[in-house]
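Novice: Sequence plus the predicted model coming up.
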Amino acid sequence: MTRVGFLSLHSHGDRSFLDDSALALAAGRARRRGDDARLVLVALDGRAPDVAATAGFAALVAALRGFDVIVYERVWTRAIPAALVAALPDAVVVHWRGEHALDDPPGGYQVETRALPDLLDHLAGRRPSLPVGAHARTAVGWRPGLGALAAPVDRAYVPELAPLVVNPDGLPAERVLSIDGNAGCPYQADARANPRYAGVAIPDGIGRGCAFCTTGNHYEARPQAETIAAVLEQLTYARREAPALTRLVLRDQNPFGYLAELLEQCAATGVGGFTLLLQTRADWLLAGERRLQRALDAAARAGITITPFLVGIESFSQDELDRLNKGVTVAQNLALLAALRRWDAHPAFDLAHASFGFILFTPWTTLADLRAAYDGIVATELDRLRGRLLTARVRLYPDTALYYLAAHDGLLADLGASPQPERFGYFPDRAWRFRDPVVARFAALAAAASDASHGRDERQVFRALLEVFAESDGSSATVADVLARATPPAPTRATPAP
């Protein structure tokens, strides 16, 4: 029996929205096929100069000894799998292509999702040929597999919900599990039709939806009854097999066509006792308000709470929103954030775990965009709903339209990856530079001030930054200057009357 470890890597204790569900499901299905498969979670210090020298990495190596195959997907630096290859020479290390491609990934094999079961069969000796969709490393480069895919498509929902956690003290006790609705995103606006992209060459197969995202490049809608049955099956399984998991993310960008009916079935069948986190867009959430109210009523009967999760606000500058190909207006973003407070009065609505996408800096950001962002944050109190606004930078990947706009405008940096992957645990993205050098100084000072203040009082720090740059180009400004302005003066003590 082949021991297979599906490795989920995190760069910090707050796992945010980084998801383990695909790895958990692959581990469960591999176990059904005869492998001794485990999901392995670990938090490594993303900012360590040498991650292989950390205690977390040493604990990971110890945990992985004895595994025949190690499969990794999301990774923020090639140094981690490269160090695993060196530390575990007897293990076969496989890169499973995730949301974004990783050029020449460390390990002996790389594989696409459709070929993963067949590759595991090949490595276990259950099939002789390397399947199509898998590549093997050779002395002269990557050799593509030519064997036909033989493994039947396994659609059983059997995720491993009791993973091996290498360093429990480095990860939150409460995990999040994703439930799949319709894959992809139905927002299909093509950036090629956006005047901001005139003359930009975008490769085939990408460019639909938000310009910084990949989910708009594909969408798989199913009939409503089929979708409800599939989601209800997953919810029932998760509640039965792992009742301690009480935060379940519904991965469906526009579930409002069936959400009320789904929750009514949950109420009727006794599936409840959890929080359902919704991934969606501001305009769809507003347009679905009537159906959301019906869903909230059903959720209350089922003992379920609903919270918005990964709702993309992105910007309060219309110029930036148009460039991001968002298809929403600033007015819609403002209206949504106002509506959230109204909906929060419902007993089944909860903002405690809410998360909102926000991008303060892009290569094209101007000081006017930053002033608009500040005004929007103050008007909506967005800083009470999410943190680290002052370090929110767009990530550029070569499978997104925004990457090619930056290339067209000469704003891709000569460096390799940006500093973001180490901070948040994302895939390595392409570094870029600001078109406006004054905004570049603003961004650098904002990041330093945010770190110095540990991300607290961001609204006051933001205001202080705007004041500094309204007076000068910021070339001589320091973090101390900014924090001094951001700190309100101490109240004077009144002299007691004689």
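Specialist: Great, that's in hand.
Novice: Report the contact partners of residue 275.
Specialist: Counting by Cβ atoms under 8 Å, 6 or more residues apart in numbering, residue 275 makes contact with 246, 247, 248, 304, 305, 306, 307, 350, 353. C-betas here are computed from N, CA, C, even on glycine.
Novice: and the longest helix for the protein?
Specialist: Secondary structure of the chain read by DSSP state H shows that its longest helix is helix 224-241.
Novice: got a list of contacts for it?
Specialist: Residues contacting helix 224-241 (Cβ under 8 Å, 6+ apart): 157-159, 161, 177, 179-182, 222, 245, 248, 250, 252, 257-258, 261-262, 265-266, 269, 271-274.
Novice: Filter the residues you listed down to the ones in strands?
Specialist: With strands taken from DSSP state E, the overlap with the contacts of helix 224-241 comprises 177, 179, 180, 248, 250.
Novice: Show me which of the contacts of residue 275 are buried.
Specialist: 246, 247, 248, 304, 305, 306, 307, 350 (16 or more other Cβ atoms under 10 Å).
Novice: Check the residue lying closest to the second one once chain neighbours are set aside and give its pLDDT.
Specialist: What sits nearest to residue 247 in space, not counting adjacent residues and going by Cβ to Cβ, 6 or more residues apart in numbering, is residue 176, at 4.7 Å. At residue 176, the predicted lDDT confidence score is 87.
Novice: likewise the one 5 residues further on?
Specialist: If you check residue 181, the pLDDT there is 95.
Novice: Which residue, neighbours along the chain excluded, lies closest to it?
Specialist: For residue 181, the closest residue by Cβ to Cβ, 6+ apart turns out to be residue 252, at 2.8 Å.
Novice: same deal with residue 111?
Specialist: Nearest to residue 111 is residue 134, by Cβ to Cβ, 6+ apart, at 4.4 Å.
Novice: cool, residue 61 as well?
Specialist: residue 87 (4.7 Å).
Novice: Got the phi and psi for the one you found?
Specialist: phi -80, psi -20 (degrees, to the nearest 10).
Novice: before we move on, back to that, how much space separates the residue nearest to residue 111 from residue 78?
Specialist: 20 Å (Cβ to Cβ, to the nearest Å).
Novice: Number of residues surrounding the spatially closest residue to residue 379 that is not a sequence neighbour?
Specialist: Spatially, and ignoring its direct neighbours in sequence, residue 379 is nearest to residue 334 (6.5 Å; Cβ to Cβ, 6+ apart). Residues contacting residue 334 under the criterion other Cβ atoms under 10 Å number 16.
Novice: same thing with residue 205?
Specialist: 9.
Novice: follow-up on the earlier one: who has more neighbours out of residue 134 and residue 78?
Specialist: More crowded of residue 134 and residue 78, by other Cβ under 10 Å: residue 134, with 27 against 17.
Novice: Please list all residues in contact with that one.
Specialist: 109, 110, 111, 112, 115, 118, 119, 122, 144, 145.
Novice: Columns secondary structure on top of those residues, output as a markdown table?
Specialist: Below are the contacts of residue 134 laid out as a markdown table (DSSP: H, G, I helix; E, B strand; the rest coil):
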| residue | secondary structure |
| --- | --- |
| 109 | strand |
| 110 | strand |
| 111 | strand |
| 112 | coil |
| 115 | helix |
| 118 | helix |
| 119 | helix |
| 122 | helix |
| 144 | strand |
| 145 | coil |
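Novice: now, among these, which is nearest to residue 358?
Specialist: Taking Cβ to Cβ as the measure, residue 112 is the one of these closest to residue 358, at 32.1 Å.
Novice: Backbone dihedrals for the residue nearest to the closest one when sequence neighbours are not counted, both of them.
Specialist: Of all residues not flanking residue 112 in the chain, residue 133 sits nearest, at 4.2 Å (Cβ to Cβ, 6+ apart). With angles defined as degrees, to the nearest 10, residue 133 sits at phi 100, psi -10.
Novice: hang on, the earlier thing: filter the contacts of helix 224-241 to the buried ones?
Specialist: 157-159, 161, 177, 179-182, 248, 250, 252, 257-258, 261-262, 265-266, 271-272, 274.
Novice: Tell me which residues touch residue 333, please.
Specialist: 282, 313, 314, 315, 316, 376, 380.
Novice: ok, which stretches of the stretch 1-150 of the chain are strands?
Specialist: Under the criterion DSSP state E, counting those that start in this stretch, the stretch 1-150 of the chain contains strands at 3-10, 36-43, 69-72, 92-96, 109-111, 134-138, 141-144.
Novice: elements contacting the first one?
Specialist: Going back to what we said before, that points to strand 3-10. helix 21-32, strand 36-43, strand 69-72 (3 or more Cβ pairs under 8 Å, 6 or more residues apart in numbering; DSSP states H and E).
Novice: Check which element follows the helix or strand bottoming out on mean pLDDT in the chain along the chain.
Specialist: When the helices and strands of the chain are scored by mean pLDDT, DSSP states H and E, helix 420-424 comes last with a mean of 55. Next helix or strand after helix 420-424 toward the C-terminus (DSSP states H and E): strand 430-432.
Novice: tell me which residues of that following strand are tucked away?
Specialist: 430, 432.
Novice: next one: stretch 150-165
Specialist: So, applying 16+ other Cβ under 10 Å, buried residues of stretch 150-165: 151, 157, 158, 159, 160, 161, 163, 165.
Novice: same thing with stretch 370-389?
Specialist: Those would be 370-374, 376-377, 380, 382-383, 385-386, 388-389, for stretch 370-389 by 16+ other Cβ under 10 Å.
Novice: okay, how far is it across that stretch, tip to tip?
Specialist: Terminal residues of stretch 370-389 are spaced 11 Å apart (Cα to Cα, to the nearest Å).
Novice: Stretch 209-224 now?
Specialist: Per Cα to Cα, stretch 209-224 runs 23 Å from first to last residue.
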